[in-house]
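K.L.:
sequence and predicted structure are below.
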Amino acid sequence: MRIIILSRNGELYSTRSLFNAARRRKHFVRVVDHMHCDLLIENERNAIFVHGQPLRGYDVIIPRIGNTVTSYGSAVIRQFESMGVSTILHAEALLRTRDKLSCMQILSQHGIPIPQTLLVNNYSQFHLLHHKIESFPKIIKLKSGTHGLGVLKADNAKSMESMMEAFYGLKQKVLLQEFIKESSGEDIRIFVVGGEVVASMKRSAQEGEFRSNLHRGGHAAIAEISEEERQVALEAVKILNLSVAGVDMLRSKRGPLVLEVNASPGLEGIETTTKVDIAKKIIQFAERLIKPSNI
Ligand SMILES: Nc1ncnc2c1ncn2[C@@H]1O[C@H](COP(=O)(O)OP(=O)(O)O)[C@@H](O)[C@H]1O
Ligand SMILES: [Mg+2]
């Protein structure tokens, strides 16, 4: 099978891990920077060029699209899809998950438990509505942040108002969210590939920090998950039409709450923590997308 990994940097852990796994399974594999892809849109003759050369004859793409280039990255994925190339991540699914608001809306619409979340479009209305999220602390979140950047905790009304004023002043839309105290700086990442949970880890924030992101100094350990957590993760991934995803959850008094679903989840933390060869599982899933004659 002929595979393209869409990645800005072949040296990144996740890209290397996928590349090596594909090679070990005897596939032809190439890393292509999606930002170097030029798109010809012409009905039946859509094409993609890299440095003027057409990309042809590939069976499947494995997109690894960073948060800063979601829009163009999804255009490139959509172009491959239009050319009949299989993908482990659909353009529309990527776009939906990158916006925390639409992700929350879709999940909640389908009965997936999430933390209570408020978006006030005009700051003039904020004072009328912020109490819908009861009691402090409250979480303030940029709509499309990542790695814990853009997630803040307001301990009282005064700090909430000054943070909100700053964000609205900068024309940044933010979400106000209930703070799940009992999760106390911990979240669970459940890694799903092809409709199965393949690994899970618990991330704990460093001392004095409530965000458990590994990029914020959190540390990870293997997690045992409950049947309910497993079901919620699989359901969330299915609803969002993803095949490979990292589902982040908080353990709350009212059960697991989905915080976000990552459509391009990093492999380093989860592979080194759980010792599961996730890259291999992703390649095996890609093989299943392709007709047997192409493998
Ligand atoms: N509502 C919340 N209650 C408690 N902790 C939270 C809440 N929202 C976020 N956190 C903490 O902050 C971290 C980052 O939040 P998240 O929404 O995942 O943003 P990012 O996309 O930047 O990772 C989470 O992993 C969790 O530890
Ligand atoms: Mg997160």
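P.N.:
That came in fine, so what should we check first? Ligands and ions are numbered 1, 2, ... in the order given.
K.L.:
helices of the chain, start to end?
P.N.:
When assigned using DSSP state H, the helices of the chain occupy the ranges 13-24, 70-82, 91-98, 100-109, 126-129, 157-169, 227-239, 268-274, 278-289.
K.L.:
reformat these as JSON lines; add distance to ligand 1.
P.N.:
(Each C-beta comes from the backbone N, C-alpha and C, glycine too.) Converted to JSON lines, the helices of the chain look like this (distance: least, Cβ to the nearest ligand atom, whole Å):
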{"stretch": "helix 13-24", "distance to ligand 1": "16"}
{"stretch": "helix 70-82", "distance to ligand 1": "13"}
{"stretch": "helix 91-98", "distance to ligand 1": "10"}
{"stretch": "helix 100-109", "distance to ligand 1": "7"}
{"stretch": "helix 126-129", "distance to ligand 1": "17"}
{"stretch": "helix 157-169", "distance to ligand 1": "14"}
{"stretch": "helix 227-239", "distance to ligand 1": "14"}
{"stretch": "helix 268-274", "distance to ligand 1": "12"}
{"stretch": "helix 278-289", "distance to ligand 1": "19"}
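K.L.:
for my notes, please list those in TSV and give mean pLDDT for each entry.
P.N.:
Formatted as TSV, these follow (pLDDT from 0 to 100):
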stretch	mean pLDDT
helix 13-24	98
helix 70-82	98
helix 91-98	95
helix 100-109	94
helix 126-129	95
helix 157-169	95
helix 227-239	98
helix 268-274	97
helix 278-289	98
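K.L.:
okay if I get these as JSON lines plus mean neighbour count?
P.N.:
Shown next, in JSON lines, are the helices of the chain (neighbours: other Cβ atoms under 10 Å):
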{"stretch": "helix 13-24", "mean neighbour count": "19"}
{"stretch": "helix 70-82", "mean neighbour count": "20"}
{"stretch": "helix 91-98", "mean neighbour count": "20"}
{"stretch": "helix 100-109", "mean neighbour count": "18"}
{"stretch": "helix 126-129", "mean neighbour count": "12"}
{"stretch": "helix 157-169", "mean neighbour count": "15"}
{"stretch": "helix 227-239", "mean neighbour count": "18"}
{"stretch": "helix 268-274", "mean neighbour count": "18"}
{"stretch": "helix 278-289", "mean neighbour count": "20"}
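K.L.:
of all those, which one is nearest Val192?
P.N.:
Across these, Val192 has its closest neighbour in helix 227-239 (4.7 Å, Cβ to Cβ).
K.L.:
contacts for the closest one?
P.N.:
Applying Cβ atoms under 8 Å, 6 or more residues apart in numbering, the contact partners of helix 227-239 are 106-107, 110, 112-113, 188, 190, 192, 195-197, 200, 225, 243, 245, 247, 249, 255-256, 258, 261.
K.L.:
which among those residues count as buried?
P.N.:
106-107, 112-113, 188, 190, 192, 197, 200, 225, 243, 245, 247, 249, 256, 258, 261 (16 or more other Cβ atoms under 10 Å).
K.L.:
so of the contacts of helix 227-239, which ones are in strands?
P.N.:
188, 190, 192, 196-197, 200, 245, 247, 249, 255-256, 258, 261 (DSSP state E).
K.L.:
quick check: end-to-end length of stretch 54-73?
P.N.:
18 Å (Cα to Cα, to the nearest Å).
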